[in-house]
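3D, please:
(one chain, ligands or ions: 3)
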Amino acid sequence: MQTSVTTIERFILDQEDRYPEATGELSNLLYDIALAGKIIAAAIRRAGIANILGSAEAQNVQGEEQQKLDVLANETIKNCLSHTGRVCVMGSEEEEDIIPVPQEFEAGKYAVLFDPLDGSSNIDVNCAVGTIFSIYRRVSLEGRGTVADVLQPGVRQVAAGYVMYGSSTMMVYTTGQGVHGFTLDPTIGEFLLCAPRIVTPRVGRYYSVNESNFGRWERGVQLAVRGLHGDRPDEIRGKNSRYIGSLVADFHRNLIAGGIFMYPADTKNTRGKLRLLYEAAPMAFLAEQAEGSATDGMNRILDIQPAHLHQRTPLVIGSRHDVGYVADTLRRMQIRTSGAYTASVL
Ligand code: AHG
Ligand code: MN
Ligand code: MN
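Ligands and ions are numbered 1, 2, ... in the order given. Take a look at the predicted model:
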């Protein structure tokens, strides 16, 4: 049995030791998120069982409806972050407005954005889901925190990551010093370092996109995806297809094995489907730190200045070569059609 392990707590503290000016607050904030991840993981693991038990007791007990897991995940994260004095304001996929920390708690120097449960349609079919988070230093000078604290371009993130609830639970994060992965050992309740300094392959094996939207994409996107199929071998080698429908799980597989994930705009989702602040930007920070890249098709995700908390963006992310191929294809098409939107089927 291995007796020397690195817990996430020790790893975070060791990294921080290299910066004498660090106060330890960001480390503790990451640790708060790890705790929320453990609580959510436990709830997800029990979800099926809770249903079985719930239906058996339905007639006698309170009659309370089973709380939806994305609501539960949202409450869990808020509870783990509100009282610590490290956060001034939060933003969540599950809530319309920003969430300043309640008056009774001290307001700290960080703003945190999160997608509490990503891929939640996969819960009922027992497939991988995740929690995505993004952390900024506040820009407001005092008080509870404002909308300006959460509307910052991704390039200003001080940390980002996700917890994936898959066949095992993993936490993957970056503070701008590479991407590191930890697996939860449920027997001791600790995240243990399993993948220090993840570097994604420059050329990927997989492409991941919801092809049922093919007919609604603009022509450049259609061409690029045809290239990924292997229809344009002079431009790019064909890839294998993988798509789960959970951004966290699709991104994680491609990060490790190499690949490209795309959610382009289409005639139904004219600005794309995914959210900039708590889906695209944190994943883009991770991708770049792992030597991959992330664009909205042509422009760097991390440079986008957000205007709204729930703003959407097209997303093309993963292995650098493949993301570059898509951008080149779109640029060529744009020149040919001089920028006109063409949603025609090839
Ligand atoms: P969420 O469950 O947080 O609403 O996110 C779902 C997202 C994302 O995880 C995934 O990449 C995408 O929706 C899948 O969309 P399609 O079902 O349209 O392919
Ligand atoms: Mn999501
Ligand atoms: Mn969600």
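
how about the residues of the stretch 101-250 of the chain that lie near ligand 1?
Contact residues (C-beta under 6 Å from any ligand atom) of the stretch 101-250 of the chain with ligand 1: Asp115, Asp118, Gly119, Ser120, Asn210, Gly245, Ser246, Leu247. Quick note: C-beta positions are derived from backbone N, CA and C, even for glycine.

Okay, and which of those map to strands?
Using DSSP state E, the subset of these located in strands is Asp115, Asp118.

Just give me the closest of the residues of the stretch 101-250 of the chain next to ligand 1 to ligand 2.
Top of the list for closeness to ligand 2, among those and by C-beta to the ion, is Asp118 at 3.5 Å.

Give the ChimeraX command for selecting the buried subset of the residues of the stretch 101-250 of the chain next to ligand 1.
Buried residues among these (16 or more other C-beta atoms under 10 Å), as a ChimeraX selection:
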select :115,118,119,120,246,247
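
Switch the residues of the stretch 101-250 of the chain next to ligand 1 over to a markdown table; also include distance to Gly238 and pLDDT.
Listed next are those as a markdown table, based on distance: C-beta to C-beta, whole Å; pLDDT from 0 to 100:
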| residue | distance to Gly238 | pLDDT |
| --- | --- | --- |
| Asp115 | 32 | 97 |
| Asp118 | 29 | 96 |
| Gly119 | 27 | 93 |
| Ser120 | 32 | 86 |
| Asn210 | 19 | 98 |
| Gly245 | 22 | 96 |
| Ser246 | 24 | 97 |
| Leu247 | 24 | 98 |
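
and the two most separated of the residues of the stretch 101-250 of the chain next to ligand 1?
Largest separation among those by C-beta to C-beta: Asp115 and Asn210, giving 17.7 Å.

still on that earlier bit, among the residues of the stretch 101-250 of the chain next to ligand 1, which are in reach of ligand 2?
By C-beta under 5 Å from the ion, the members of these lying near ligand 2 are Asp115, Asp118.

Among the residues of the stretch 101-250 of the chain next to ligand 1, which one lies nearest to Gly220?
Among these, Asn210 lies closest to Gly220 (C-beta to C-beta), at 17.2 Å.

Report whether the helix of greatest length in the chain contacts ligand 3.
Longest helix of the chain, by residue count under DSSP state H: helix 25-57. No: judged by C-beta under 5 Å from the ion, helix 25-57 makes no contact with ligand 3; its nearest approach is 11.8 Å.

buried set for that helix?
Counting neighbours by 16+ other C-beta under 10 Å, one finds that the buried residues in helix 25-57 are 25-44.

The residue found closest to Arg205 once you drop the neighbours it is linked to in the chain and ligand 1, how far apart?
Nearest residue to Arg205, sequence neighbours excluded (C-beta to C-beta, 6 or more residues apart in numbering): Gly258, at 5.1 Å. For Gly258, the distance to ligand 1 equals 18 Å [C-beta to the nearest ligand atom, to the nearest Å].

Measure how buried Gly258 is and give me the count.
20 (other C-beta atoms under 10 Å).

State the phi and psi torsions of it.
phi 90, psi 130 (degrees, to the nearest 10).

and what of Arg219?
The phi/psi pair for Arg219 (degrees, to the nearest 10) is phi -60, psi -40.

neighbours around it, how many?
19.

Could you do Ser167 as well?
Ser167, neighbours per other C-beta under 10 Å, totals 7.

mind listing the helices for this protein?
Counting by DSSP H, the helices of the chain are 8-17, 25-57, 69-82, 147-150, 219-229, 247-257, 281-289, 320-337.

Distance to Val129 added to these, as a markdown table?
Listed next are the helices of the chain as a markdown table, based on distance: least, C-beta to C-beta, whole Å:
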| stretch | distance to Val129 |
| --- | --- |
| helix 8-17 | 20 |
| helix 25-57 | 7 |
| helix 69-82 | 8 |
| helix 147-150 | 23 |
| helix 219-229 | 25 |
| helix 247-257 | 7 |
| helix 281-289 | 15 |
| helix 320-337 | 25 |
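
So what are the structural domains in the chain, by residue number?
8-195, 206-336 (automatic domain parsing).

Tell me which of the ones you listed is the most buried.
Per-stretch averages of neighbours, counted by mean count of other C-beta atoms under 10 Å, single out domain 206-336 among those, with a mean of 20.
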